[in-house]
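[1] give me a 3D structure for the following:
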Amino acid sequence: MVSVPIRSSSAVPRNLEIKVRVADLAPARATATRLGARPAGVEVQVDRYYELEGESRLKLRTVPGRPAELIRYRRPECDAVRTSDYEVTPVRDADARRCL
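    Now for the predicted structure:
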């Protein structure tokens with residue numbers, strides 16, 4: 001999966017997500033390297049998803065050593081290239097999630 005923030009004319013940020021199957025990673029890595037991509041490291045995160053109606057989604061993201069984030073986004077459920085509008089709200093107490 002490739003997920004890239006894109007510029008939007010609206011005040012709400014927009015994300016572009018593309019999911020593809022790759023039979024052999026070596027050529028894909030070679031192409032990415034040729035285009036200037038470099039390993040940035042591994043980030044451990046936990047996303048807890050909450051059910052909402054329609055195309056709205058809500059997740060609580062925790063990353064060790066960083067403040068938690070509540071992320072609300074809207075996107076259609078499909079297998080193709082898809083965009084989503086999203087909002088990020090910092091959460092001081094991630095353990096308060098049991099109140100959601």
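[2] and Ile71, how many neighbours?
    Ile71 is flanked by 18 other residues according to other C-beta atoms under 10 Å. Every C-beta, even on glycine, is put in place using the N, C-alpha and C of the backbone.
[3] which pLDDT value goes with it?
    In this model, Ile71 is scored at 92, pLDDT.
[4] was I right to think it contacts Leu58?
    Yes - contact criterion C-beta atoms under 8 Å: Ile71 and Leu58 qualify, at 7.3 Å.
[5] what's the closest non-adjacent residue to Pro13?
    In this structure, Pro13 finds its nearest non-sequential neighbour in Tyr86, 5.7 Å apart by C-beta to C-beta, 6 or more residues apart in numbering.
[6] may I have the beta-bridge partners of that neighbour?
    Beta-bridge partners of Tyr86, counted by DSSP bridges, are Tyr73.
[7] tell me who's in contact with Glu77.
    Glu55 (C-beta atoms under 8 Å, 6 or more residues apart in numbering).
[8] quick one: Pro90 and Val63 touch, right?
    No - if you go by C-beta under 8 Å, Pro90 and Val63 don't touch, sitting 12.0 Å apart.
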